[in-house]
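> here is my input; please provide its structure:
(chains A, B, C and D)
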Number of protein chains: 2
Amino acid sequence: MSGMSTEYTGAGDPRRAIELLWGVPGPPRRGPKPKLTVDDVVTAAIRLADADDLEAVTMRRVAEDLGVAPMSLYTYVPSHAELVDLMLDRAHGELADELPATGWRDAVTAVAEDLWQLYHRHPWLLQVTIGRPPLGPNTFAKYERELTALDGLGLGDLELDAVVSLLTGFVRGAARGSVDAARVVRRSGLTDGQWWELSAPVLAEIPAADPANYPRASRVGTSTGQAYGAADNPEHHFRFGLARILDGVEQLVSRG
Amino acid sequence: MSGMSTEYTGAGDPRRAIELLWGVPGPPRRGPKPKLTVDDVVTAAIRLADADDLEAVTMRRVAEDLGVAPMSLYTYVPSHAELVDLMLDRAHGELADELPATGWRDAVTAVAEDLWQLYHRHPWLLQVTIGRPPLGPNTFAKYERELTALDGLGLGDLELDAVVSLLTGFVRGAARGSVDAARVVRRSGLTDGQWWELSAPVLAEIPAADPANYPRASRVGTSTGQAYGAADNPEHHFRFGLARILDGVEQLVSRG
DNA sequence: ATAATTTCCGTACGTTGTACCATGAAGATA
DNA sequence: TATCTTCATGGTACAACGTACGGAAATTAT
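From the prediction side, this is the model:
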């Protein structure tokens, strides 16, 4: 294989992936002492991703960070794809286990907030395409906690799953908007305001782009621009959307 | 520049990008007749992306498709990034302008359904990272239509923007789950069921992965597995989530 | 005719994941 | 202790990527 095609979780051999995720010891080895452990590799990879991007996690860079040759990594990890799986499960281990005991709305809010924070601490998590659900301990614990937050509301199993999916999907999307916006500012060196000051005059020269053709869009666009000093406000969108979803779920619950 | 770093929309020179998006004619040219148009390039790129992936849209492959050398494309498009911007705006041109006049719930539902369909027709749209909002005609029209669906409900401009963001972000996330799941099945050649049959026995050998440690997760997991014959059902998650969000928005509206 | 401009494209560079193979280190067996 | 077996290490190489650079050829303006 060559290049780095779109990688999704759960590519590669399931057996090997699961053994790595759960850290099964394996039979006693015979050859020379390994200089590293799988955890070392994952730690270095996460350090690189945190400092930059998922794109920064190349086998060559991870190897350099660890003081070994690129090909040596393949004794610890079958491929780049499995390394990403391991990074993902490890990062989710930072989520708490406890939940507030002050009602389901607080519990669900805590789940959403924790995830929102986690995605901002490790923005590269949002660059991982989810193929198969990663069958690691922390991914399991995350799902268990999310279900626990909705315990005792009388929801059926299928409804529980759908609500959790709605919630986590929403947080993921909102966080993505937030970190993508931050990334583009960092990478381009232009704030949203500066970028708009460059773009607006060009747009004004295009007859077809007359604001009269898009009356609502231009009105709301200028309103949000003035209110936030930016095109939009990810943090506000997160809180607003979460409130709407909680209201929607509450109706479902109260209807039985 | 080398390799293909994570590309986001709105990279590159804003002036040139906007001129391309709106198809401004430019001064009369002097040199030899161009063999192609910008539209030809975009069309070929979309054809490749539809047939496969965004990853399949390489300058070399697009050029081959058009019968020119790779470097010739750069006379039409400043870089790969701008090409993606153009693809994105063009694809959104497939969205209808009209809305059902039978109430805001129907209108918002139509917006969501149309987007859901569009993302399934062009799954690569979900692989584009949104940096700056693409300032093209069809992106404008999309936003205008979304706002129109919420007309006359008494929502403020900031609320309107937040609701639209919630709605489109939700559809995007749900569709992503759907197309990613389909892609992994196609690429791995394994259905969810087959993949699970491979994974489950391995997991059963891991003591720490005992279902008793994750009681809710394992119960709900088997329920959904039996109900859908798969890990989850994207279509159902979409309809379910949309209903919850509509209920949540309805509360906001009725509270004034 | 000449000059100015623009298209087209061959070549080349730096980047990626990783296949393949040789080298040598360390435990198992005699 | 000597030999065998197994495994970590890492050098080299390949195909694919975006695209910088610069020359050749074509077209229009003068």
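> pLDDT weak spots in chain A?
A:1-6, A:230-232 (pLDDT under 70).
> what residues does it put near DNA strand C?
A:1-4, A:28, A:30-33, A:57-61, A:70-71, A:74, A:79-81 (Cβ under 7 Å from any atom of the strand). All C-beta atoms are positioned from the backbone trio N, CA, C, and that covers glycine.
> residue contacts, residue A:96?
A:114, A:145 (Cβ atoms under 8 Å, 6 or more residues apart in numbering or on different chains).
> name the SS class of it, please.
coil (DSSP: H, G, I helix; E, B strand; the rest coil).
> could you pull up phi and psi at it?
phi -70, psi 170 (degrees, to the nearest 10).
> same check, this time on residue A:48
Residue torsions, per degrees, to the nearest 10, at residue A:48 are phi -60, psi -40.
> surely it is in contact with residue A:65?
Yes. Under the criterion of Cβ atoms under 8 Å, residue A:48 is in contact with residue A:65, at a separation of 6.6 Å.
> and these two? Which one has more around it.
residue A:48 (21 against 15; other Cβ atoms under 10 Å in any protein chain shown).
> which residues touch the more buried one?
Per Cβ under 8 Å, 6+ apart, neighbours of residue A:48: A:56, A:57, A:61, A:62, A:65.
> can you tell me how far it sits from residue A:57?
Residue A:48 is 5 Å from residue A:57, where distance means Cβ to Cβ, to the nearest Å.
> what does residue A:216 give?
42 Å.
> between the two, which has more neighbouring residues?
Set side by side, residue A:216 and residue A:57 show more neighbours around residue A:57, with 21 against 17, by other Cβ under 10 Å.
> for that one, list the residues it contacts.
Applying Cβ under 8 Å, 6+ apart, the residues contacting residue A:57 are A:45, A:48, A:49, A:80, A:83, A:84, A:87, A:124.
> burial measure for the fifth one, as a count.
It stands for residue A:83. Neighbours around residue A:83, by other Cβ under 10 Å: 24.
> my guess is it is in a strand, correct?
No. Counting by three-state DSSP, residue A:83 falls outside a strand, being helix.
> look up phi and psi at the closest residue to it other than its chain neighbours.
Nearest residue to residue A:83 in three dimensions, chain neighbours excluded: residue A:77, at 4.7 Å (Cβ to Cβ, 6 or more residues apart in numbering or on different chains). Main-chain torsions, residue A:77, degrees, to the nearest 10: phi -140, psi 130.
> right, and residue A:77 touches residue A:39 too?
No. Residue A:77 is beyond contact range of residue A:39, at 11.0 Å (criterion: Cβ under 8 Å).
> for these two, indicate the residue with more neighbours.
residue A:77 (22 against 12).
> check whether the biggest helix by length in chain A comes near chain B.
Longest helix in chain A by number of residues, with DSSP state H as the criterion: helix A:157-188. Yes. Contact between helix A:157-188 and chain B is present through A:157-163, A:165-166, A:169-170, A:172-174, A:177, A:180-181, A:183-184, A:187-188 (criterion: Cβ under 8 Å from any Cβ of the partner chain).
> now that helix: buried residues?
A:157-181, A:183-185, A:188 (16 or more other Cβ atoms under 10 Å in any protein chain shown).
> list only those of the residues of chain A next to DNA strand C flagged as buried.
Counted by 16+ other Cβ under 10 Å, those give A:57, A:59, A:79, A:80, A:81 as buried.
> please list all residues in contact with the second one.
Just to be clear, that refers to residue A:59. So residue A:59 contacts A:70, A:73, A:80 (Cβ under 8 Å, 6+ apart).
> swap the cut-off to 10 Å and go again
A:4, A:41, A:45, A:69-74, A:77, A:79-80, A:83 (Cβ atoms under 10 Å, 6 or more residues apart in numbering or on different chains).
> can you narrow those to ones near DNA strand D?
A:69, A:70, A:71, A:72, A:74.
> can you list these in a markdown table and add distance to residue A:223 and secondary structure?
Formatted as a markdown table, those follow (distance: Cβ to Cβ, whole Å; DSSP: H, G, I helix; E, B strand; the rest coil):
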| residue | distance to residue A:223 | secondary structure |
| --- | --- | --- |
| A:69 | 56 | coil |
| A:70 | 52 | helix |
| A:71 | 56 | helix |
| A:72 | 56 | helix |
| A:74 | 54 | helix |
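> next, format these as a markdown table and append distance to chain B.
Formatted as a markdown table, those follow (distance: Cβ to the nearest Cβ, whole Å):
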| residue | distance to chain B |
| --- | --- |
| A:69 | 21 |
| A:70 | 16 |
| A:71 | 20 |
| A:72 | 23 |
| A:74 | 21 |
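> quick one: which of those residues is nearest residue A:19?
Proximity of those to residue A:19 (Cβ to Cβ) peaks at residue A:74, which lies at 15.8 Å.
> surely residue A:194 touches residue A:229?
No. In this structure residue A:194 lies outside contact range of residue A:229 using Cβ atoms under 10 Å: 11.2 Å.
> so which residues on chain A come close to DNA strand D?
Counting by Cβ under 7 Å from any atom of the strand, chain A sits next to DNA strand D at A:2-3, A:27, A:29-36, A:68-72, A:74-76.
> now, which of those lie within helices?
Short answer: the residues of chain A next to DNA strand D have none in helices (DSSP H).
> buried residues in stretch A:99-119?
For stretch A:99-119, using 16+ other Cβ under 10 Å, the buried residues are A:99, A:104, A:107-112, A:114-116, A:118-119.
> ditto for stretch A:118-128
For stretch A:118-128, by 16+ other Cβ under 10 Å, it's A:118, A:119, A:122, A:123, A:124, A:125, A:126, A:127, A:128.
> next one: stretch A:34-45
A:36, A:38, A:40, A:41, A:42, A:43, A:44, A:45.
> is any residue of it near chain B?
No. Stretch A:34-45 lies apart from chain B when judged by Cβ under 10 Å from any Cβ of the partner chain; the minimum separation is 15.7 Å.
> the helices in the stretch 1-150 of chain A, which residues?
A:14-22, A:38-51, A:59-66, A:80-92, A:104-121, A:137-149 (DSSP state H, counting those that start in this stretch).
> for these, which one sits closest to residue B:149?
helix A:104-121 (26.0 Å).
> list the contacts for the residue lying closest to residue A:184 once chain neighbours are set aside?
Nearest non-adjacent residue to residue A:184, counting by Cβ to Cβ, 6+ apart: residue B:131, 3.6 Å away. Counting by Cβ under 10 Å, 6+ apart, residue B:131 touches A:180-181, A:183-185, A:187-188, A:195, B:6-11, B:81, B:85.
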